[in-house]
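Undergrad: This is a predicted model, with the sequence first.
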There are 4 protein chains.
Amino acid sequence: MTTRRSPDSARRSERSRQAILTAARELVGETGYRKVTIEAIAARAGVGKQTIYRWWPSKGAVILDSILAMSEDEKGEISLPDTGDIEADLRLVIRATVAEFADPAFEAPIRALNSEIIDDPELAATYRERMADPMNEAVRRRLRTARAAGQLAEDADLDLMLEILYAPLYQRWLLRSGPLTPDYADALVDTALRAFRP
Amino acid sequence: MTTRRSPDSARRSERSRQAILTAARELVGETGYRKVTIEAIAARAGVGKQTIYRWWPSKGAVILDSILAMSEDEKGEISLPDTGDIEADLRLVIRATVAEFADPAFEAPIRALNSEIIDDPELAATYRERMADPMNEAVRRRLRTARAAGQLAEDADLDLMLEILYAPLYQRWLLRSGPLTPDYADALVDTALRAFRP
Amino acid sequence: MTTRRSPDSARRSERSRQAILTAARELVGETGYRKVTIEAIAARAGVGKQTIYRWWPSKGAVILDSILAMSEDEKGEISLPDTGDIEADLRLVIRATVAEFADPAFEAPIRALNSEIIDDPELAATYRERMADPMNEAVRRRLRTARAAGQLAEDADLDLMLEILYAPLYQRWLLRSGPLTPDYADALVDTALRAFRP
Amino acid sequence: MTTRRSPDSARRSERSRQAILTAARELVGETGYRKVTIEAIAARAGVGKQTIYRWWPSKGAVILDSILAMSEDEKGEISLPDTGDIEADLRLVIRATVAEFADPAFEAPIRALNSEIIDDPELAATYRERMADPMNEAVRRRLRTARAAGQLAEDADLDLMLEILYAPLYQRWLLRSGPLTPDYADALVDTALRAFRP
DNA sequence: ATATAAACGAGACGGTACGTCAGGTCTTCCC
DNA sequence: GGGAAGACCTGACGTACCGTCTCGTTTATAT
């Protein structure tokens, strides 16, 4: 395989594709999601509108792709540290998540994405498959190890535990209902562990 | 005080105000939030567009108001049952919340609201003040009683407990990442109580 | 009779009437006819819109009145000089008319008036009665004297002669199709006299 | 040269252009100039408003164009009859002009045009170039021939004579200050010839 | 190496909705 | 009880984008 990206068509211009995704990402960052228009993306990318409509079904899809393109560069297989100490490991990863959400550079695009996802179930599914699930799976693997090691209750529902760990974080960020601090991350980890300890 | 609602102006037509809020609510239910337009609201309400722009700064504000108007009719002071059994009481309220979220009649407007709130911090604040906070305060009161009765740990962080109870619910609903069932409600209550038990 | 002006109603506020006419005249001068609005007139005059609509049927009528109010202050009975030399007398009056049209202070309101008159026959009639006819009658009287004195042909059609004298002037001004100079005034007089000499 | 009309752009849709001009002409005839709106023109023409705004700067310009389009279809080179008898030839053309002005079909659009021209000097210039001047030039040519043939004074100012012939006509029509009859046409010709005879 | 067919940039098109503005009517409150 | 103030409904304004649809013009195989 020569290119990482499956070519939707042999003819497709990689040049244009990249220009569009870059333009989309930049515009979301600059003007906020709501104000981004297909016309602006096309203009910034130096591309005809038709070229966007040819390959993406909606504005949301373009923006989702532009964010995925960014985050997929880094990944490969995500995996958590496993020091044997589940508390320490979780604190690390939840603190990192908190920091990421607090980063203004992530703010605009991710907020854009969520805005789009809310009333587009199809987009929501794509998002889950390509962004949330891989991350969740990595954490789930670590939790499984911990459970096997007797650090969590034998019957612990790991999916629920995942939700307990991440949902409050997500809600605070989305609704701006409270600050996202390392202390808060730690409190979440403590609470989750208390709920699911053996 | 003769009217519940503070008149933004003595001149303001209550008739028009009601017609606008009703039209907004109906249209959100019928066509989905994204497709609702100011023009359609004005037309349905038999009102000039200017009358909307005169009193509301944005489409989101109209819709928020229309939903608040609906939910504020019912309230007065919200309060939870207090049977002395915190687990039973919480199950009741969380199950009710799950049911409410699952009700298609609530689906459209609340989803609309959240969509708008995501990138309008001001709207988000209004929403918190007038919808979320009163509800949260009611639950917080019940939790306080339970803590005083020794059913929860003395140092239990009740705000965090609130988040643990509601955020996973909210996330599942918003991202459609899982089913909302009575069992799920019970699982959340169990987990929260386990985490914060004495 | 205490006031010069017939009171449309005993109740009518002369104060408001004057303020409205003044505001109208000023606004026409400042912003040009097309951009004058009833709202602006009301605001400038410190008057409710209704007070204008109560007493005038249209914007054109207000403006016609405002111009008439100005020009009727000065008049009484208009009459031309009669030196016995019809050529000299006509040159004087036509030159004066040319000068008046060339005066930028008259430009805006009169242009406004004509603009309104073109497609409002009723307004046109009022204008003729109260502005054009008195002026025409004055000139016609002088021409009659000249004809009686044998300075014009016995069968001269004085109404036609009036048109020959004034229409070219009016047309040049309205369509801006040529300069309005004293020489032009003289040329018109010469031509008219040549056409109607005995 | 295959088409008479210079294409403002190769892209421009001649279909839309024609539809707009036709709709404009019809609407002016039906509802009067003042009440014609861009929206109505667009709707009648089956065209987006933007397509009008893209190619014309103002409502007046569209309507001027729509009238010009009509009158330019017929012309080519205008020329007057030359029977050798200047009086007969002028009577013919002035009578024709009178008849044209009296024709209700011309009434609405031409009145509309003049209404717009009064306070839009730019439009007035365009009007002169494309409608008035060609007509005037044709008459001026005929007058020149007559002067060369000794039927008019050697020093006759032909531009002035043109004004004497047409301005009274125009004024009567515009201000509705008198009837437009063949007799009136003849009287104008007689007067003009008397003023400029050798 | 050349033909051919797609994808491309450009941008006009018919539309929808925007947010603003003025018109003319109706209502409220003050003097 | 007239008049200022101004909210109301109406409807046009001119603009921004939508998504579709040609236009030539690359560009990249497939002869």
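TA: Cool, got the structure. Residues are numbered from 1 along each chain as shown, chains lettered A, B, ... in the order given.
Undergrad: Next, the buried residues of the helix or strand of chain A with the lowest mean pLDDT.
TA: Lowest on mean pLDDT, DSSP states H and E among the helices and strands of chain A sits helix A:104-118, with a mean of 83. Using 16 or more other CB atoms under 10 Å in any protein chain shown as the test for burial, helix A:104-118 gives A:106, A:108-118. Just so you know, the C-beta spots here come from the backbone N, C-alpha and C atoms, and that holds for glycine as well.
Undergrad: Likewise for stretch A:57-69?
TA: Under the neighbour-count criterion of 16+ other CB under 10 Å, stretch A:57-69 has A:59-69 buried.
Undergrad: show me where chain A has helices.
TA: Here chain A has its helices, by DSSP state H, at A:14-31, A:38-45, A:49-55, A:59-72, A:86-102, A:104-118, A:121-127, A:133-148, A:158-175, A:182-196.
Undergrad: Can you name the residues in contact with the least confident helix or strand of chain A?
TA: With contact meaning CB atoms under 8 Å, 6 or more residues apart in numbering or on different chains, helix A:104-118 is reached by A:25, A:28-29, A:32-34, A:36, A:59-60, A:63-64, A:66-67, A:70, A:100-101, A:123-124, A:127, A:174, B:111, B:114-115, B:118-119, B:174-175.
Undergrad: try stretch A:151-159
TA: A:86, A:140, A:143-144, A:146-147, A:161, A:193, A:196-198, B:178, B:187.
Undergrad: can you tell me which residues contact A:Val28?
TA: A:36, A:63, A:66, A:108-109, A:112.
Undergrad: mind checking pLDDT for the most centrally placed residue in chain A?
TA: By CA atoms, centre = their mean, chain A has its centre lying nearest to A:Met131, at 4.7 Å. With respect to pLDDT, A:Met131 has a value of 83.
Undergrad: Next, find the distance separating it from C:Trp55.
TA: A:Met131 is 70 Å from C:Trp55, where distance means CB to CB, to the nearest Å.
Undergrad: Any regions of chain A where pLDDT drops low?
TA: A:1-10, A:72-78 (pLDDT under 70).
Undergrad: Show me how the record splits chain A into domains.
TA: Residue ranges for the domains of chain A, per automatic domain parsing: A:14-66, A:86-196.
Undergrad: Between these, which one is closest to C:Ala43.
TA: Closest approach to C:Ala43 among the domains of chain A is made by domain A:14-66 (34.8 Å; CB to CB).
Undergrad: ok, so of the contacts of A:Val28, who is nearest chain C?
TA: A:Val36 (36.9 Å; CB to the nearest CB).
Undergrad: Enumerate every residue touching the closest residue to that closest one other than its chain neighbours.
TA: Spatial nearest neighbour of A:Val36, chain neighbours left out: A:Leu27 (4.7 Å); criterion: CB to CB, 6 or more residues apart in numbering or on different chains. Listed by CB under 8 Å, 6+ apart, the contact set of A:Leu27 reads A:36, A:40-41, A:44.
Undergrad: For A:Glu100, grab the count of nearby residues.
TA: 13 (other CB atoms under 10 Å in any protein chain shown).
Undergrad: Relative to A:Thr97, how far out is A:Ser66?
TA: Using CB to CB, A:Ser66 is found at 21 Å from A:Thr97.
Undergrad: wait, I meant A:Arg17
TA: From A:Arg17 to A:Thr97 the distance is 30 Å (CB to CB).
Undergrad: Point out the residues in chain A that sit beside DNA strand E.
TA: Neighbours of DNA strand E within chain A, by CB under 7 Å from any atom of the strand: A:9, A:11-13, A:15-17, A:19, A:45-51, A:54-55.
Undergrad: Tell me the buried residues within these.
TA: So, by 16+ other CB under 10 Å, the buried ones in those are A:16-17, A:19, A:45, A:47, A:51, A:55.
Undergrad: Save those as CSV, and put in distance to chain D too.
TA: Shown next, in CSV, are those (distance: CB to the nearest CB, whole Å):
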residue, distance to chain D
A:Ser16, 23
A:Arg17, 27
A:Ala19, 25
A:Ala45, 22
A:Val47, 19
A:Thr51, 19
A:Trp55, 25
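Undergrad: Of those, which is the nearest to A:Asp82?
TA: A:Arg17 (37.7 Å).
Undergrad: That closest one: what's it in contact with?
TA: A:Trp55.
Undergrad: got it, and A:Val139?
TA: In this structure, A:Val139 makes contact with A:80, A:93, A:162, A:165, judged by CB under 8 Å, 6+ apart.
Undergrad: Go through the residues you listed and say which is closest to DNA strand F.
TA: A:Leu162 (35.1 Å; CB to the nearest atom of the strand).
Undergrad: Ignoring the adjacent residues along the chain, who's closest to the residue of chain A found nearest chain D?
TA: Relative to chain D, the nearest point of chain A is A:Glu39 (13.2 Å; CB to the nearest CB). Once flanking residues are discounted, A:Glu39 sits nearest to A:Lys49: 6.5 Å by CB to CB, 6+ apart.
Undergrad: That neighbour contacts A:Ile38, doesn't it?
TA: Yes. Counting by CB atoms under 8 Å, A:Lys49 does reach A:Ile38; the two are 6.1 Å apart.
Undergrad: Could you export the domains of chain A as JSON lines, including distance to D:Ala153?
TA: Converted to JSON lines, those look like this (distance: least, CB to CB, whole Å):
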{"stretch": "domain A:14-66", "distance to D:Ala153": "67"}
{"stretch": "domain A:86-196", "distance to D:Ala153": "83"}
